[in-house]
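S.K.: next come a sequence and a model predicted from it.
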There are 2 protein chains.
Amino acid sequence: MNKPIQKRAIATREKLLSTARALIDQEGFEALRVEDLVRTAGVAKGTFFAHFKDKDALMEQIIGARLAEISAEADQAPAPQNVAEMVATLNPLIAFMTSERYVFDVILRYSGAAAISEIGPIAEQFTVQGELFARWVAQGPFRKDIPADLAGDGIGAFLIQSIALTFCALHCSSAIEPRLATYLDAWLLPSGA
Amino acid sequence: MNKPIQKRAIATREKLLSTARALIDQEGFEALRVEDLVRTAGVAKGTFFAHFKDKDALMEQIIGARLAEISAEADQAPAPQNVAEMVATLNPLIAFMTSERYVFDVILRYSGAAAISEIGPIAEQFTVQGELFARWVAQGPFRKDIPADLAGDGIGAFLIQSIALTFCALHCSSAIEPRLATYLDAWLLPSGA
DNA sequence: TTCAAAAAGTGACCATGGTCAATTATAAAT
DNA sequence: ATTTATAATTGACCATGGTCACTTTTTGAA
């Protein structure tokens, strides 16, 4: 009935997370190998999988936490008052999501989340971002003919679209930020209003 | 200097593709195992990887071809004259992209394509779709304050967004088509024009 | 303090995608 | 027909994520 979690287990989990972060800082997300991680952390492979469903689940924790930091930072700043400011405020988020193709892939995979029952940190961050974007729209001189949360969804959609195109051979000609600005102009200020 | 491709190789490649399609028809994309494929096709494993860079490259061919069929079909139909018709016309595309989570993942991964040098079938289909969507906007009673290809990009972005949310635990409450319709209304007919 | 049940941890083992040196089939030149 | 370069194929082998029956540690009750 009861299922008390032992201190030992919490310590092990922390050890795995901190070791993973250290390895990722050195070599990047893509290069992380579970075997390296468990050897460095000094635990058995099975222990890792007792703590994380799979390798992606670990990545989700770490990437989700990073996203949360970035969102929190953006949440501090005043709401942008035009598209250029908005793109500038999004810059740290863009920088992280484009830092590695692998990171973007994990984010996409988990944004359309795992099981219904458990919403992971990345899916949760999408909700948080949605609220942030909605607030921006509400507090800035942007279109008011649609609900703010709908407008926020659109910002998210165009952010993803811009990043995806950045990774795409066909479109790498133009840089990501001007492209996003073009989209957001059309989305948030239709008819050049 | 010359590198003539032998008939034998073409036959082997076709055999691999047709066998793969047959197996996928039976069990779905996700369940395909390279070992099953080569055994059924009667070739060695190495042969498979001589023809396709990796498993994903095979999937890209098959999924890309399917996308091309669907686009071609949609291209036949007259341009939709309102958002409801547009969503209806998009239905086969939505159905395929949501048929398996794995399919959507592959499409996302390859839409932001592989190497700069070679554009794969999926990335190519995104271009084709972009052109189709632009034509729709141009030929229908939709906003004309932005270039048609920009408006087309937005349709693509909201299509992806809607599908991603479908796979997402947080939002499965509402069905995909009404959600897409809401997005497209706001995108294509701002200010309720 | 002792003991049983449950939690945590272990590592040999498996599944599957992918590699590559060696072999065989093909086609062009003689 | 023979030779020769190279395209095509092979399958043993590797890399890496993931499993599970078993062992060790912890905890709480007697």
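M.R.: Yep, that arrived.

S.K.: where do the helices of chain A begin and end?
M.R.: For chain A, the helices identified by DSSP state H occupy A:7-27, A:34-41, A:45-51, A:55-76, A:83-97, A:101-111, A:121-139, A:148-166, A:176-188, in order along the chain.

S.K.: near DNA strand C, which residues of chain A show up?
M.R.: Where proximity means Cβ under 7 Å from any atom of the strand, the interface of chain A facing DNA strand C comprises A:2-6, A:8-9, A:11-12, A:43-47, A:49-51. (Each C-beta comes from the backbone N, C-alpha and C, glycine too.)

S.K.: how about the residues of chain A by DNA strand D?
M.R.: Chain A has residues A:4, A:6-8, A:32-35, A:45-46, A:49-50, A:53-56 near DNA strand D, with proximity defined as Cβ under 7 Å from any atom of the strand.

S.K.: now do the domain split for chain A, please.
M.R.: By the assignment in automatic domain parsing, chain A contains the domains A:1-52, A:55-192.

S.K.: check the closest residue to DNA strand C within chain A and give its pLDDT.
M.R.: Using Cβ to the nearest atom of the strand, A:Gly46 is the residue of chain A that sits closest to DNA strand C, at 1.6 Å. In the predicted model, A:Gly46 carries a pLDDT score of 98.

S.K.: distance of it from A:Arg21?
M.R.: Plainly put, A:Gly46 is 22 Å away from A:Arg21 if you go by Cβ to Cβ, to the nearest Å.

S.K.: now for the spatially most central residue of chain A: which residues touch it?
M.R.: Centroid-nearest residue in chain A, with Cα atoms, centre = their mean: A:Leu67, separated by 4.4 Å. When contacts are counted by Cβ atoms under 8 Å, 6 or more residues apart in numbering or on different chains, A:Leu67 touches A:93, A:96, A:107, A:121-122, A:125, A:129.

S.K.: lowest-confidence helix or strand of chain A?
M.R.: Lowest on mean pLDDT, DSSP states H and E among the helices and strands of chain A sits helix A:101-111, with a mean of 92.

S.K.: thought A:Leu90 was touching A:Glu73?
M.R.: No. Contact criterion Cβ atoms under 8 Å: A:Leu90 and A:Glu73 do not qualify, at 11.3 Å.

S.K.: check contacts around the residue nearest to A:Lys45 when sequence neighbours are not counted.
M.R.: Nearest non-adjacent residue to A:Lys45, counting by Cβ to Cβ, 6 or more residues apart in numbering or on different chains: A:Val38, 5.2 Å away. Counting by Cβ under 8 Å, 6+ apart, A:Val38 makes contact with A:16, A:44-45, A:47-48.

S.K.: how does it look with 7 Å?
M.R.: For A:Val38, the residues meeting the contact criterion (Cβ atoms under 7 Å, 6 or more residues apart in numbering or on different chains) are A:44-45, A:47-48.
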